[in-house]
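1. for reference, the sequence and a predicted model appear below.
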Amino acid sequence: LTTRVFAAQPADYEYLPYLDQNIKIGLGMSYSKLESNSDVGNYYLLSAANVRLEGSYSTPIVDSYRHKFSMGLLQEMFRPENDSFTIKTKDTRYSAQLAWQPTWLNEEKTFLRHFTFLLKNQTVITEIPNLFTTQGDIGDRYALDAGVGFSWYGLTVSKFPVGFDAEVLYTQTLLDHSATTVYNGLSYRMSIDFEFKKRSLFSGWGMKGYYQYDDLKNSYTHTVDKELGIIFSKA
């Protein structure tokens, strides 16, 4: 599959699926990694084969403007990457998020600018190993994120729609269950969307590859949350 785009005719863009899509449901898998510094070395926690469920509703486009509301649910199970460290909590973790995006489209409707306001809970490292113990732990962090982003849509050489989305958010901690206080930070998100064109056998189906990176300050130094995954969706 090639994602090389070319100078398509304006009429080609009239059939981009996202223009008249309202409801989209997606299911996928991801890989997560939590990182934090400690007095006895870096503390890494991994969770593979995470299940992620996503859903969104986009209002009709009026005067090159629309709203998008979305939700997400993520299942994770973390384990230490280094066998010399341990973790107290070994149960399955669940994270959720609700988002609102007011969006503006350009005249050709191929470039979108948006604000993002997001309420979420996520798993973070709440205790780190030290000189007296090799055990760490994880817990919940509740936060409100706000930021800006853009989306660009084009066509492959076979005129299949492809899009690129990127955003930067400031994430404000509202509440955390952590022995090591988690402060605020920045969240970086990007994704590449591919969809089958309209009037095809698989019309309405698509897939998205995404990467998220949260860099948070805490009372020790900072902690990092990374997630890489793919989602298959139906509009």
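-> Everything's here; your move.
2. which helices and strands sit right next to the helix or strand harbouring Leu45?
-> Taking DSSP states H and E as the definition, one finds Leu45 inside strand 43-58. Packing partners of strand 43-58 (3 or more C-beta pairs under 8 Å, 6 or more residues apart in numbering; DSSP states H and E): strand 23-36, strand 65-76, strand 79-80, strand 135-155, strand 222-234. Bear in mind the C-beta positions are built from the backbone N, C-alpha and C, glycine included.
3. for the residue positioned nearest the centre of the chain, what are its contacts?
-> The centroid of the chain falls nearest to Gln212 when counting by C-alpha atoms, centre = their mean (5.1 Å). Applying C-beta atoms under 8 Å, 6 or more residues apart in numbering, we find Gln212 in contact with 187-189, 225-228.
4. pretty sure it is in a strand, no?
-> Yes - when DSSP: H, G, I helix; E, B strand; the rest coil is applied, Gln212 is found to be in a strand.
5. show me what the mean pLDDT comes to for stretch 18-26.
-> What stretch 18-26 shows for mean pLDDT is 88.
6. with just CA atoms, put that stretch into PDB.
-> C-alpha atoms of stretch 18-26 as PDB (Å, rounded to 0.1, in the frame of the first residue of the first chain):
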ATOM      1  CA  TYR A  18     -15.200  12.000   6.400                       C
ATOM      2  CA  LEU A  19     -17.200  14.900   4.800                       C
ATOM      3  CA  ASP A  20     -20.500  13.100   5.400                       C
ATOM      4  CA  GLN A  21     -19.600  10.600   8.100                       C
ATOM      5  CA  ASN A  22     -21.300  11.200  11.400                       C
ATOM      6  CA  ILE A  23     -20.900   8.100  13.600                       C
ATOM      7  CA  LYS A  24     -17.700   5.900  13.700                       C
ATOM      8  CA  ILE A  25     -17.000   2.900  15.900                       C
ATOM      9  CA  GLY A  26     -13.500   1.400  16.100                       C
END
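7. quick check: buried residues in it?
-> 18-19, 21, 24, 26 (16 or more other C-beta atoms under 10 Å).
8. got these as CSV, with distance to Trp104 columns?
-> Shown next, in CSV, are the buried residues of stretch 18-26 (distance: C-beta to C-beta, whole Å):
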residue, distance to Trp104
Tyr18, 14
Leu19, 14
Gln21, 17
Lys24, 20
Gly26, 24
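9. of those, closest to Asp140?
-> Gly26 (23.9 Å; C-beta to C-beta).
10. what sits against the residue lying farthest from the centre of the chain?
-> Residue farthest from the centre of the chain, counting by C-alpha atoms, centre = their mean, is Phe132 at 36.1 Å. Residues near Phe132 by C-beta under 8 Å, 6+ apart: none.
11. phi, psi for it please.
-> Backbone torsions of Phe132, given as degrees, to the nearest 10, read phi -110, psi -10.
12. and it, how far is that from Thr173?
-> 27 Å (C-beta to C-beta, to the nearest Å).
13. contacts only, for Phe202.
-> Contacts of Phe202 by C-beta under 8 Å, 6+ apart are Phe196.
14. for Phe232, see how far away it is.
-> 11 Å.
15. check Ala96 too.
-> 20 Å.
16. please apply the same query to Val182.
-> 33 Å.
17. which of the two has more neighbours?
-> Val182 (25 against 13; other C-beta atoms under 10 Å).
18. phi and psi next, for that one.
-> When read as degrees, to the nearest 10, the backbone of Val182 gives phi -100, psi 120.
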